[in-house]
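kindly generate the corresponding structure for this input.
(chains A and B)
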There are 2 protein chains.
Amino acid sequence: MPVELTWQELALGKKLAVLELIPLEWRLPQPIPTAKSQKDVTGAYVQQYLEDWEIEITESDAVRIVEQTSSGNWTVTKVVTAFCHRAALAHQLTNCLHEIFFDQAIADAKLLDEKFASGAGPVGPLYGLPVSFKDQFHVHGVETTMGYVGWIDTFEGIKGTGKEKTTESELVREIRLLGGVPFCKTSLPHTVMSMETWNHIVGSTLNPHNRLMSTGGSSGGEGALIAMRGSPIGFGTDIGGSIRIPAAFNGLFGIRPSFGRLPYVGAANSMPGQNTIPSVCGPLAPTARSIKLMMQAALTQEPWLHDPAVVEMPWREELAKLSTDQKLTFGLYSSDGDVNPLPPVKRAMEKMKALILEMGHEIIEWNPPSHARAYKLAFEAFTSDGGIDIHHHIGLSGETLQPRIEEFYGKKAVPAKTVDALHRINLDVAAYRKEYMDYWNSTSALTKTGKPVDAILAPVAPFPALEFGKSAIVAYTPWVNTLDYTAVVVPVTTTDSTIDKFETEYTPLNDSDRIVWEEYDPEASNGTPVAVQLVGRRLQEEKMIALAELFESALASK
Amino acid sequence: MPVELTWQELALGKKLAVLELIPLEWRLPQPIPTAKSQKDVTGAYVQQYLEDWEIEITESDAVRIVEQTSSGNWTVTKVVTAFCHRAALAHQLTNCLHEIFFDQAIADAKLLDEKFASGAGPVGPLYGLPVSFKDQFHVHGVETTMGYVGWIDTFEGIKGTGKEKTTESELVREIRLLGGVPFCKTSLPHTVMSMETWNHIVGSTLNPHNRLMSTGGSSGGEGALIAMRGSPIGFGTDIGGSIRIPAAFNGLFGIRPSFGRLPYVGAANSMPGQNTIPSVCGPLAPTARSIKLMMQAALTQEPWLHDPAVVEMPWREELAKLSTDQKLTFGLYSSDGDVNPLPPVKRAMEKMKALILEMGHEIIEWNPPSHARAYKLAFEAFTSDGGIDIHHHIGLSGETLQPRIEEFYGKKAVPAKTVDALHRINLDVAAYRKEYMDYWNSTSALTKTGKPVDAILAPVAPFPALEFGKSAIVAYTPWVNTLDYTAVVVPVTTTDSTIDKFETEYTPLNDSDRIVWEEYDPEASNGTPVAVQLVGRRLQEEKMIALAELFESALASK
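From the prediction side, this is the model:
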């Protein structure tokens, strides 16, 4: 008779099994320094464990990597091995991985090299590029737990389906066809409905720039891994900010495409079938041009022929080109009026504002239909099943629900809403979208160009990366999901305790605002990245990436 | 104290008020011949009440009309007046209208003529084109009842909203901007969930080719009006076949675009907020090029900037052009294996098949995932609210529900499904779409071109226009809605009692099949139109219209 393991033992077993997959020579000397004793593990710190060639490769962005592999300067094996090594280090320092399949990836790399050596040339626009995936994506030969203890040894929580470790999500399949090499899957909060990355298997994922801080969520593993340069690019998902918050907290570019632009089919999800405000997938990377390369490449696969939810819309290069004399207009959304941005975020917004004006573009105040209303609608949609899905999967193992998530989903499921009530929510969402659209159109009367604004400039969160346990306000991101708009995150600066001082004279707007204000600790936050988001209309991926590139280069020349 | 009217009196009052709007000189001599004594009221029959210039105008298609108005050969007033006259005749003979606003339309026409005379030229690509709308669309100054007695003197069933007769649906607004002239709204079954057009206000809408027969539904008023040439083009909606069935029964072209191609925002609907399998709007017209003109024109308005559900996808002329030597492949779906097509439909399919082969194209058998499964999913989606919406609106007046609709929605509402159950339906729909897509892709292994099929050739219904009260089998259309595919209806022939004889030797497949077979009466059906549908993938409007044009001209040269 098999021994019945507790869920804690199952979780620990999984955690250890993943750690076991790290080759001995890549393991860090024990004890690994505590977060307090070594806050920042990026840059010089992690480099000490790497050889020069590994540093050169892993600190190249996706575009340079593909150039080097495609020209034969770097073998794919070399590239993939270097990233596997650095990912292994990243995981030991930040808990950012959920699944490791380095052997499989290096074997795939060898096959690509052999093909190349035989004169076949590079196989695609992502030739030899290592790509990481949030642990919602299925990869052949590898498990998916999505952070649920109850999913260990199952397929999405069901035992004996025959699908365990044998299926691959459409996106993964397409990345392979493009020449990409999947090599690891990254951590996330169980349920994916949290801006902190924590689960019973992997524990907390730490912010590599400051390990006392959260890496954000729910695509927090991607954020930490890529900030560590343990992956050049990876895919997260975003239902309420889950790509953008980790991108911002880790100083990365990230895009939340509109629904139907990239293939999500065949990936695991929470509340699958919830289509009022659906989750989307998108890449995070250290450079804007990496995001562009990935989006362009993904669309060459014609995902609309493989995922029924994808719209037939090839990459539109004409939208991705901004003429040098083009006057742009931005809607400035400085605060939601509920929780004001803290000094580093305020400074990042001011910096962007000054840059925009200096570049000769225009800014108008953005006074749209209430974002609080958008937030409420998102909340209603996400809880419309009464938490039945989430509590079912939590209940499979008996694990406890993360307290932050419990605030939304309760201690147990409640009766689901009825379909007629959901229809009313859908109608409210539709009405909100229409009002917002009309407001956006109306800005043509306010701009010098006589055209509506090109994008909204807004904070991603009122704070930079949070210390664990502090107020997790997710109010600056879900309106984009309710509207299904396209948003890119642009890293702007890092928190500087000598400038971003605590505002002693500040008068809080309300209790939430007071707590966020009080909790701000410039010393603790010092060195953490700060980003903004640029939000475009629905399905404006090309244009938003072009704007990200524009500001990336403008900020770099400062 | 106001006298309380019964719902029957209210309905009759509305019916008479609409008839009152027909100018005395356009009224037919009483008594109007019975359906039995004058089955066919198209062509020569209706022409007897028209002058030559009226006949010339009203028997021109949309393309010719716009040519004539735009070149100044015909004034808009002349065109609009001619169509108003003929629409008035059509209504008296078939009950096809729900709202008449000829005065407003003629006033609009005069304004357009004045502008033109002042040298402003034609205002848009639909300059001076009369356009009719199914009575789900709101038009300024005009009521919308959607066939519900309880909607009389309200806005969508609510009294005193201030929106009564003051709002306009987005599509109507855009048609005006394009130069089109709305002039009447057409009949539909209350609830729009029926393939027969009948309600307590207008009664039954008759098929103008054979007034003993149904005009189909739910866009039956459009079907009858356009077949009468009382409108050159009009908009219906399709949630399960409601554009295609009336197009087929009345010998018209019609398109069911994919969701998100044309603006639906601001129109009334049943089960609003139901987004599992949503309704779409699209035009019906006597020629394929009219449909093309309308789609092209509508997209120039950039509806994606005014309706959040519309995808940014301009007209793609490159998809609308078939090269003359292009080899096409069609998937032949002859029968659903449940109810076989009757002789006229079978002959239309055979005719199309022969034509395709004669043109040098290829045909393969179409053996897709079960269409019965698609039907079941559509039914589950449409009844997921327990019929609450429909019974609420029926209940406003106390009117009785059409028996055919009662078969689906019961005598009263039942408890709505819960959201978790709806999520499972959504997942089943998604899985079905993916399977169907994979099947479609797999046909590349079966075709001579090595490409997947270009379109599916299928019946619209197993019968031509039905006699009232006969078995209304709606099984050949909803699979397209479940898949959100693009379908065009192509009229092929008319029922000919000398060829399409009753099949005495036929062995029915089952009870439904037996009833349809037994009910077929070649004499009664004689002269009614027969059409097929060509079904393309999602958002393939340009290509499907090109195919409609191709077959229109090939059939005309036979």
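
which strands or helices does the strand or helix carrying residue A:330 pack on?
Secondary structure from DSSP states H and E places residue A:330 in strand A:329-332. On a contact count with 3 or more CB pairs under 8 Å, 6 or more residues apart in numbering or on different chains; DSSP states H and E, strand A:329-332 meets helix A:343-358, strand A:362-365, strand A:455-459. Where C-beta positions appear, they are placed from N, C-alpha and C, glycine not excepted.

most neighbours per residue, which of these?
strand A:455-459 (a mean of 23; mean count of other CB atoms under 10 Å in any protein chain shown).

pull the longest helix from chain A.
Scanning chain A for the helix with the most residues, using DSSP state H, yields helix A:419-442.

please see if it touches chain B.
Yes: Helix A:419-442 is in contact with chain B by CB under 8 Å from any CB of the partner chain, via A:419-427, A:430, A:433-434, A:436-437, A:441.

out of these, which end up buried?
A:419, A:420, A:421, A:422, A:423, A:425, A:426, A:430, A:433, A:434, A:436, A:437 (16 or more other CB atoms under 10 Å in any protein chain shown).

out of those, who's nearest residue A:218?
residue A:425 (22.3 Å; CB to CB).

out of the helices and strands packed on strand A:329-332, flag the one nearest chain B.
Chain B sits nearest to strand A:455-459 of all the helices and strands packed on strand A:329-332, at 15.3 Å, using CB to the nearest CB.

any idea of the mean pLDDT for the longest helix of chain A?
The average pLDDT for helix A:419-442 rounds to 98.

other SSEs contacting it?
helix A:371-382, helix A:478-483, helix B:388-395, helix B:419-442.

mind checking which of the ones you listed is nearest residue B:206?
From the helices and strands packed on helix A:419-442, taking CB to CB, the stretch that ends up closest is helix B:388-395, at 23.8 Å.

quick one: contacts for the residue of the stretch 351-500 of chain A found nearest chain B?
Residue nearest to chain B within the stretch 351-500 of chain A: residue A:423 (3.0 Å; CB to the nearest CB). Shown in contact with residue A:423 (CB atoms under 8 Å, 6 or more residues apart in numbering or on different chains): B:271, B:272, B:273, B:274, B:385, B:389.

neighbour-wise, give me the winner out of the residues you listed.
residue B:385 (28 neighbours; other CB atoms under 10 Å in any protein chain shown).

for that residue, give me its contacts.
Contacts of residue B:385 by CB under 8 Å, 6+ apart are A:418, A:419, A:420, A:423, B:271, B:274, B:416, B:417.

how about a cut-off of 6 Å?
Residue B:385 sits next to A:419, A:420, B:271, B:416 when contact means CB atoms under 6 Å, 6 or more residues apart in numbering or on different chains.

got any ranges where chain A has weak pLDDT?
Along chain A, the parts satisfying pLDDT under 70 run over A:1-2.

the residue in the stretch 51-200 of chain A that chain B sits nearest to: neighbour count?
Proximity of the stretch 51-200 of chain A to chain B (CB to the nearest CB) peaks at residue A:170, 8.9 Å away. Each residue near residue A:170 was counted by other CB under 10 Å, and the total is 21.

surely it touches residue A:266?
Yes: using CB atoms under 6 Å, residue A:170 is in contact with residue A:266, at 4.8 Å.

contacts only, for residue A:342.
By CB under 6 Å, 6+ apart, the contact list for residue A:342 reads A:463, A:520.

distance of it from residue B:100?
63 Å (CB to CB, to the nearest Å).

same check, this time on residue A:529
From residue A:529 to residue B:100 the distance is 65 Å (CB to CB).

what of residue A:351?
On the measure of CB to CB, residue A:351 and residue B:100 end up 62 Å apart.

which of the helices and strands packed on helix A:419-442 sits closest to residue B:185?
Of all the helices and strands packed on helix A:419-442, helix B:388-395 sits nearest to residue B:185, with 17.6 Å by CB to CB.

list the buried residues in that closest one.
Under the neighbour-count rule (16+ other CB under 10 Å), helix B:388-395 has B:388, B:389, B:390, B:391, B:393, B:394 buried.
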